[in-house]
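1. Need a 3D model of the following:
(3 chains)
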Amino acid sequence: MDFSKTLINWYLKSKRDLPWRKTSDPYNIWLSEIMLQQTRIEQGLPYYLKFVEEFPSVFDLADASQDNVMKLWQGLGYYSRARNLHETAKYVAYQLDGIFPKDYKGLLKLKGVGDYTASAIASISYNEPVAVVDGNVYRVLSRYFDIATPINSTEGVKEFKALAMELLDKEDPSAFNQALMEFGALQCKPKNPLCDSCPFNTSCLALKENKIGDLPVKIKKGKIKNRYFNYLVFSSEENKTLLQQRKGKGIWNGLYEFPLIETTSDIQESGLIEENKEFQELVLDINASISLYNDRPVIHKLSHQHIHARFWLVEAENLPRIGVSVEKVKEYPVPVLIQNFLNEIDIENL
DNA sequence: AAGACGGGGGG
DNA sequence: CCCCCAGTCTT
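-> Numbers count the residues shown, from 1 in each chain, chains lettered A, B, ... in the order given. Predicted structure coming up:
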């Protein structure tokens, strides 16, 4: 039996029951694929359900405010996905009359849609014969064919895409692509793959060569940076505090946070903060008193940086800028670091 | 070609 | 602690 037949047979009896598998509507497929980029299904699933309930069609998503989209995305990470999602929804709704591009080439032009996602939508929604190559596919193919080319090198990307295209079942690209990914997720797992019960355990080259644990090969990326964030949590007599929206290139673009003073090292004495120029500009003329909230810094770990966060309570009669009512703070989209702080304190009674 | 971009889960 | 996850965009 050939590779595709064996794979699809495995899929038909092993696949999970997932909501986006009940439809081929490109809106739903697109939404699920964007959400699942670099994200485990168990983590993304509740977000998908929230989104389809809140935004049943691309028009509903297009008509939402950016803050509302970001709020629903809060906690899922890689927030540029949410901004691109919203921008693409508006583009499809208003420029394309709600009709998604009909093929891989057209889909690839959408913001936030790269080679993987364009292939996924084209194959799943339109049955176009284009192969998907995600982390699962890299793992399965590198093992089955014993290929040690680094999967995140330029050559590796081309090599695995070409191999997947060659292998693709042109009669049923949708089932083949989803089967290959599901197989990687459930059977050919990164750690402790289920080789004993694997339908390919007589033909898998890496298994034969005892190299399962060495594949796929991936080039390791750089080191983690430490950053020191000092958040100023204002409280005032009119029960307002200060929030600001992050802009620009860095992390959490578009999310809200308390006024931030970033320093080059951890600061735990209020005197040092009070000497800070940014701090002085912010609290000038408001006669504030400051105290450190957290005894130890909160270490918020991201994949590429560790953020050491201190929260400083700043009491003032009047705020230096227009404030936000404390009972409305939880309506804003915020990073998980801020969300955790808000869950811990009683912002409405500072 | 190399970095940046989140957060959670598993071993 | 390190690796991985239905990747994409920027530099």
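2. which helices and strands does the helix or strand A:Phe311 falls within pack with?
-> Taking DSSP states H and E as the criterion, A:Phe311 maps to strand A:305-316. Judged by 3 or more CB pairs under 8 Å, 6 or more residues apart in numbering; DSSP states H and E, strand A:305-316 is in contact with strand A:225-236, strand A:289-292, strand A:298-301, helix A:336-344. C-beta: built from backbone N, CA, C; applies to glycine.
3. How about that strand, which residues are buried there?
-> Using 16 or more other CB atoms under 10 Å as the test for burial, strand A:305-316 gives A:Ile307, A:His308, A:Ala309, A:Arg310, A:Phe311, A:Trp312, A:Leu313, A:Val314, A:Glu315, A:Ala316.
4. DNA strand B next: which of those residues are close?
-> When CB under 7 Å from any atom of the strand is applied, no member of the buried residues of strand A:305-316 is adjacent to DNA strand B.
5. any chance of these in CSV, plus pLDDT?
-> Listed next are the buried residues of strand A:305-316 as CSV, based on pLDDT from 0 to 100:
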residue, pLDDT
A:Ile307, 97
A:His308, 97
A:Ala309, 97
A:Arg310, 96
A:Phe311, 96
A:Trp312, 95
A:Leu313, 94
A:Val314, 94
A:Glu315, 92
A:Ala316, 89
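6. so which of those residues comes closest to A:Glu275?
-> Nearest to A:Glu275 out of the buried residues of strand A:305-316 is A:Trp312 (CB to CB; 13.3 Å).
7. For DNA strand B, see how far away that closest one is.
-> 20 Å (CB to the nearest atom of the strand, to the nearest Å).
8. returning to what we had before: and the helices and strands packed on strand A:305-316: which comes nearest A:Thr149?
-> Nearest of the helices and strands packed on strand A:305-316 to A:Thr149, taken as CB to CB: strand A:225-236 at 29.5 Å.
9. Three-state assignment for the residue of the stretch 201-350 of chain A found nearest DNA strand B, please.
-> Residue of the stretch 201-350 of chain A nearest DNA strand B, by CB to the nearest atom of the strand: A:Ile251 (3.1 Å). Secondary structure state of A:Ile251, per DSSP: H, G, I helix; E, B strand; the rest coil, is coil.
10. need the contact list for it.
-> Residues near A:Ile251 by CB atoms under 8 Å, 6 or more residues apart in numbering: A:Leu302, A:Gln305, A:Pro335.
11. and of the residues you listed, the nearest to A:Leu61?
-> Distances from A:Leu61 to the contacts of A:Ile251, taken by CB to CB, are shortest for A:Pro335, at 22.4 Å.
12. Now for that closest one, how many residues are close by?
-> Counted with other CB atoms under 10 Å, the neighbours of A:Pro335 add up to 22.
13. likewise A:Pro56?
-> 12.
14. And it, how far from DNA strand C?
-> For A:Pro56 relative to DNA strand C (CB to the nearest atom of the strand), the value is 20 Å.
15. A:Ile147 touches A:Tyr138, doesn't it?
-> No: A:Ile147 is not in contact with A:Tyr138 according to CB atoms under 8 Å; the separation is 9.3 Å.
16. Those two: which has the busier surroundings?
-> A side-by-side neighbour count of A:Ile147 and A:Tyr138, using other CB under 10 Å, places A:Tyr138 first with 24 against 20.
17. Residue numbers of the stretch 151-300 of chain A in contact with DNA strand B?
-> A:153-154, A:191-192, A:219, A:221-222, A:249-253, A:300.
18. try it again with 6 Å
-> By CB under 6 Å from any atom of the strand, the part of the stretch 151-300 of chain A that sits against DNA strand B consists of A:Thr154, A:Lys191, A:Asn192, A:Lys221, A:Gly222, A:Lys249, A:Gly250, A:Ile251, A:Trp252.
19. where's the residue in the stretch 201-350 of chain A positioned nearest to DNA strand C, which helix or strand?
-> Closest contact between the stretch 201-350 of chain A and DNA strand C, by CB to the nearest atom of the strand, is at A:Lys218 (4.8 Å). For A:Lys218, there is no enclosing helix or strand under DSSP H and E.
20. dump the residue contacts of it.
-> Listed by CB under 8 Å, 6+ apart, the contact set of A:Lys218 reads A:Pro150, A:Ile151, A:Asn152.
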